[in-house]
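Student: Have a look; sequence and predicted model below, questions after that.
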Amino acid sequence: MYVPDSGRQLRLYPLDFCRNCGHEYYSVRRTKDAGTGKEVFLARGGETREENSPQDGYLYLSDPAWPLDEDEMLRRLPDGWLEEKNGFLRVKSSHKRDLPESVRVTGLGEIVRDGSGQRAAFVESNFKFCLCCGINYLGRTGKLTKLASLSSEGHSTATPEAFAKQGGLVHCGRDMSCRSQFLVP
Ligand SMILES: [Zn+2]
């Protein structure tokens with residue numbers, strides 16, 4: 001999508017929201033662009049946006065971003081994901097592959113490694129915990145018990161104002177379908 005007055009192209013993504021705290025997640029599919037060879041996050045389509053494959057997942061954007069520092073990250077994880085070993089806290093081995101992956105993305109959803117773009121965290125497939133409020137969703141089955149989407153619920157559980165401050169811009173159409181876009185400096 002071309003954004004008037006900005007001279008920039010931005011990719012739009014469907015939004016889902018944590019049922020506990022309302023933080024937004026961009027519903028994405030991670031794939032490789034055949035033309036450029038770059039890894040890119042595409043918008044996930046479909047009415048229900050169920051999680052189908054490991055390439056399907058959610059992007060989390062926040063300020064500050066998901067921590068790179070391990071100690072800080074441990075403080076953000078649900079208690080049930082941690083264990084103590086020799087007096088130190090660590091992530092249980094059964095949860096290591098569930099950890100969010102820190103990435104940098106451009107406004108077109110491309111994953112970049114040169115320090116440009118915006119920091120985000122990618123969580124694969126099943127949504128296991130909220131990176132914002134830390135609620136543990138393990139054991140809950142079905143996406144709808146964990147995430148809400150504006151298109152399915154109107155504005156009852158999510159207000160655009162709450163998300164605009166996170167750096168996302170929400171556009172609402174007449175049919176109440178909402179889309180958000182990255183705002184990358
Ligand atoms: Zn939450």
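Tutor: Received the coordinates, thanks. Residues are numbered from 1 along each chain as shown.
Student: Below-threshold pLDDT in this structure: ranges please.
Tutor: 1-9, 46-54, 139-144, 150-185 (pLDDT under 70).
Student: Longest helix in it, please.
Tutor: In the chain, assigned by DSSP state H, the helix with the most residues is helix 70-76.
Student: For the longest strand seen in the chain, which outside residues touch it?
Tutor: Ranked by number of residues, the top strand in the chain under DSSP state E is strand 24-32. Residues outside strand 24-32 that contact it (CB atoms under 8 Å, 6 or more residues apart in numbering) are 13-18, 38-44, 49, 55-61, 109, 122, 127, 147, 149, 158, 163, 166, 168, 180. For the C-beta atoms, the positions are set from N, CA and C on the backbone; glycine is no exception.
Student: List, one by one, the residues from the chain near the ion.
Tutor: C18, N20, C21, H23, C130, C132, C133 (CB under 5 Å from the ion).
Student: try 6 Å this time
Tutor: Within the chain, the positions near the ion by CB under 6 Å from the ion are C18, N20, C21, H23, C130, C132, C133, I135.
Student: Report the two of those residues separated the most.
Tutor: H23 and I135 (10.3 Å; CB to CB).
Student: quick one: which of those two has more around it?
Tutor: Neighbour totals were compared for H23 and I135, and H23 leads with 19 against 14 (other CB atoms under 10 Å).
Student: what's the closest non-adjacent residue to that one?
Tutor: Spatial nearest neighbour of H23, excluding adjacent residues (CB to CB, 6 or more residues apart in numbering): C132 at 3.6 Å.
Student: Just read off the phi/psi values of the one you found.
Tutor: When read as degrees, to the nearest 10, the backbone of C132 gives phi -90, psi -50.
Student: Which parts of this protein are strands?
Tutor: Using DSSP E, the strands found in the chain span residues 2-3, 8-9, 12-18, 24-32, 39-43, 56-60, 82-85, 88-91, 101-105, 118-124, 147-149, 169-172, 178-181.
Student: What helices and strands are in contact with the third one?
Tutor: This means strand 12-18. strand 24-32, strand 39-43, strand 147-149, helix 150-153, strand 178-181 (3 or more CB pairs under 8 Å, 6 or more residues apart in numbering; DSSP states H and E).
Student: hang on, L74 packs against E84?
Tutor: No - under the criterion of CB atoms under 8 Å, L74 makes no contact with E84, lying 11.1 Å away.
Student: hey, what's in contact with both of these two?
Tutor: Joint contacts of L74 and E84 (CB under 8 Å, 6+ apart) are R90.
Student: between these two, who's got more neighbours?
Tutor: A side-by-side neighbour count of L74 and E84, using other CB under 10 Å, places L74 first with 15 against 8.
Student: With adjacent residues omitted, what lies nearest to that one?
Tutor: L89 (5.4 Å).
Student: Now do the same contact list for that neighbour.
Tutor: Contacts of L89 by CB under 8 Å, 6+ apart are L74, L82, E83.
Student: now these in JSON lines, with distance to A34?
Tutor: Converted to JSON lines, those look like this (distance: CB to CB, whole Å):
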{"residue": "L74", "distance to A34": "39"}
{"residue": "L82", "distance to A34": "41"}
{"residue": "E83", "distance to A34": "42"}
